[in-house]
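Enquirer: Sequence first, then the predicted structure, then my questions.
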Amino acid sequence: MRILTINGSPKGERSNTWRLTSAFLQGITAQEEGAHGQAPAIETLSVGALDIKPCRGCFSCWSKTPGKCCIRDDMQGVIEKILWADVVIWSFPLYYFGLPGPLKNLIDRQLPMSLPFMSAEAENGGHPSRYDMSGKRTVVISTCGFYTAKGNYGGVTDLFDRLCGKGGYTALFCGQGELFRVGELAERTDEYLSWVRKAGEEFARDGIREETRSKLDQNLFPRDVFEAMADASWGVGKSGEKEDPSLVFTRQMAALYRRQAWPGRDVVLDMNYTDIGKTYRIVLGERGSHVEEKPVEGFASDCTTQINTPLSVWRSIASGEIAGDEALMRHLYTVEGDFDLMMHWDEYFGAANAGTAGGTGNMDAGTDADSAGSTTAHAKNEAEPKTNMMLLLIPWIVFWIAASIDGFWGSLASVAVCALLPVLMHRTKATLYDQISGLGVGACSVALLAGAPPILVIPASYLLFGLIWTLSCFTKVPLTAHYSKNSYNGDAALRNPIFMRTNRILTAAWGILYLVTPVWTYYIMQTDAASLVGAINSVLPALMGVFTAWFQKWYPRHVARG
């Protein structure tokens, strides 16, 4: 396969559209290498680097020198490349609802490729091609600065409909093109580019599929989010005055706020940029967000959360150069006030890597239901089955209470619960510890049914339970993290060192509790209160539960305060 790409952007390889074109070519190359063991031959022409003068309208190429232009410049070579190629890809940004001037000039200069005679086949008139162009394929790739491509490419499609015939070319038009140069949004734009690569593979194989086309037709961000970011990016206030870059940066961050995350009360976030001495207030409300500059006399009310950070650090976090949670652990910034906002940053500002304590700080939120990307992933997380710690605890609780009252019937009840576990797990995500618990309780129950003395088996069950918790502290993911992640953005929380350290400490605390519980359990089993040992041993876990709830909030806040 021979491919000619014509880059019509004045920015050349720095073009946002060129990023899409490069991804498309990568997809074609992958398909060709996989199917034929050979990469396609690719030639690239950058219009801005060519010497192509305007058409004179003299029609010498039709009458005096048929098929040859009288102007001596680079255009003859372009025509030769077009005739050489099996596929011609036109890559350009939308300029004033049309093509960039130099590219339109190049198209005007294709006149020698047509014959002067009128074509009876063209509905509205036209000229037949001088060359056999059958079998050649055309692709048009373009980005624009509007929130959507729909309704903005009429001038372009009219032109290529005439050049190639309606349906005679493949078009890939993408709105919000300026976002492809914003490093902070790389996760969302990279996701889109992955679909462009897939489109390239399918194009080379048998044509772009509807599923891929639907992904490409989705907006990167909803209109209100994109337009707020776009407006802020100019760095000019409504009165025309130049805005401070730190204010522009903060406005763009605020534009990513997900209104669905509004907790029923306004959340007030103060961004205190310690290296430049400026503070901005982001108010997250029911209808959206807005940014306020700190007045000389200070804000009239207190904030919910304040982040104290050098602007340079927060920019590095936003662009993905530094992981936000890592920066917090290194005390590169601190947090005061309600830490809940930080732990649920992704829910407020979107994608999995959009947070600081809860992510990386990237400005890559997908927000409304009609957006693709992170919102789709968020919805997917909501639909996926979640872990449930009750599946871990119920078999043990039943065993400790029932077997303490009656060894035989209590063991039978425990075995029955273990047998029901697969049914209970039907709509949940089972963990290794759920399965180990079923086996452990089953083994203890069988031991009692086989005649083993309860005074040994029941304390041993607490010891076994404590070992499960304690040994998990030495694994990559401690036991409690498998369950508490449900409240902190799912599996994304497992990449957060603060979350993991918090859960490792709590898992160790619970493990120690259950490792020492067998000691007093053994002695209680020798008293008249033996039948109550299960109830007695529920007192300390209840208190530990209160401690856990407190520690989960206190420890991350303690770390964040530096």
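Expert: Alright, I've got the coordinates.
Enquirer: and residue 189, what is it in contact with?
Expert: 19, 179-180, 182, 220 (C-beta atoms under 8 Å, 6 or more residues apart in numbering). Where C-beta positions appear, they are placed from N, C-alpha and C, glycine not excepted.
Enquirer: again, 6 Å this time
Expert: 179-180 (C-beta atoms under 6 Å, 6 or more residues apart in numbering).
Enquirer: What residues sit buried inside the helix or strand hosting it?
Expert: Assigned by DSSP states H and E, residue 189 belongs to helix 186-205. Across helix 186-205, burial judged by 16 or more other C-beta atoms under 10 Å covers 186-189, 191-193, 195-204.
Enquirer: Now do the contacts for residue 308.
Expert: Per C-beta under 6 Å, 6+ apart, neighbours of residue 308: 272, 274, 334.
Enquirer: any idea whether it is helix, strand or coil?
Expert: strand (DSSP: H, G, I helix; E, B strand; the rest coil).
Enquirer: Model confidence for it, exactly?
Expert: pLDDT for residue 308: 94.
Enquirer: before we move on, what about the one 4 residues further on?
Expert: Among the per-residue scores, residue 312 shows a pLDDT of 92.
Enquirer: measure it to residue 54 for me?
Expert: Distance, residue 312 to residue 54, using C-beta to C-beta, to the nearest Å: 48 Å.
Enquirer: coming back round to it: show the buried residues in the contacts of residue 308.
Expert: In terms of neighbour count (16+ other C-beta under 10 Å), the buried residues within the contacts of residue 308 are 272, 334.
Enquirer: how about the strands of this protein, start to end?
Expert: 2-7, 41-46, 87-93, 137-143, 170-174, 267-273, 278-284, 289-293, 305-309, 334-337 (DSSP state E).
Enquirer: Pipe the ones you listed into CSV and attach distance to residue 532 per row.
Expert: CSV is the format used below for the strands of the chain (distance: least, C-beta to C-beta, whole Å):
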stretch, distance to residue 532
strand 2-7, 80
strand 41-46, 79
strand 87-93, 77
strand 137-143, 72
strand 170-174, 69
strand 267-273, 47
strand 278-284, 51
strand 289-293, 56
strand 305-309, 46
strand 334-337, 45
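Enquirer: Tell me which of these lies nearest to residue 484.
Expert: Closest approach to residue 484 among the strands of the chain is made by strand 334-337 (19.9 Å; C-beta to C-beta).
Enquirer: Name the surrounding residues that touch the closest one.
Expert: By C-beta under 6 Å, 6+ apart, the list of residues contacting strand 334-337 reads 304-308, 342, 560-562.
Enquirer: Filter the residues you listed down to just the buried residues.
Expert: The buried subset of these - by 16+ other C-beta under 10 Å - is 304-308, 342, 560.
Enquirer: and the closest residue to residue 1 other than its chain neighbours, what does it touch?
Expert: Excluding the flanking residues, the one nearest residue 1 by C-beta to C-beta, 6 or more residues apart in numbering is residue 40, at 4.0 Å. Residues in contact with residue 40 (C-beta under 6 Å, 6+ apart) are 1, 3, 32.
Enquirer: Among these, pick out the one closest to residue 80, please.
Expert: Nearest member of those to residue 80, counting by C-beta to C-beta, is residue 3, at 15.0 Å.
Enquirer: circling back: can you give me the separation between the residue nearest to residue 1 and residue 27?
Expert: 11 Å.
Enquirer: again with residue 211
Expert: 15 Å.
Enquirer: Settle it for me: which of the two has more neighbours?
Expert: residue 27 (25 against 11; other C-beta atoms under 10 Å).
Enquirer: rewinding a little: any chance of JSON lines for the buried ones among the contacts of strand 334-337, columns distance to residue 385?
Expert: Below are the buried ones among the contacts of strand 334-337 laid out as JSON lines (distance: C-beta to C-beta, whole Å):
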{"residue": "304", "distance to residue 385": "33"}
{"residue": "305", "distance to residue 385": "32"}
{"residue": "306", "distance to residue 385": "37"}
{"residue": "307", "distance to residue 385": "34"}
{"residue": "308", "distance to residue 385": "39"}
{"residue": "342", "distance to residue 385": "27"}
{"residue": "560", "distance to residue 385": "31"}
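Enquirer: buried ones in stretch 259-278?
Expert: In stretch 259-278, counting by 16+ other C-beta under 10 Å, buried: 259, 261-262, 267-273, 278.
Enquirer: One more: stretch 521-529?
Expert: In stretch 521-529, counting by 16+ other C-beta under 10 Å, buried: 521-522, 524-525.
Enquirer: Pick the one among these closest to residue 535.
Expert: residue 524 (10.7 Å).
Enquirer: Done for today, thanks.
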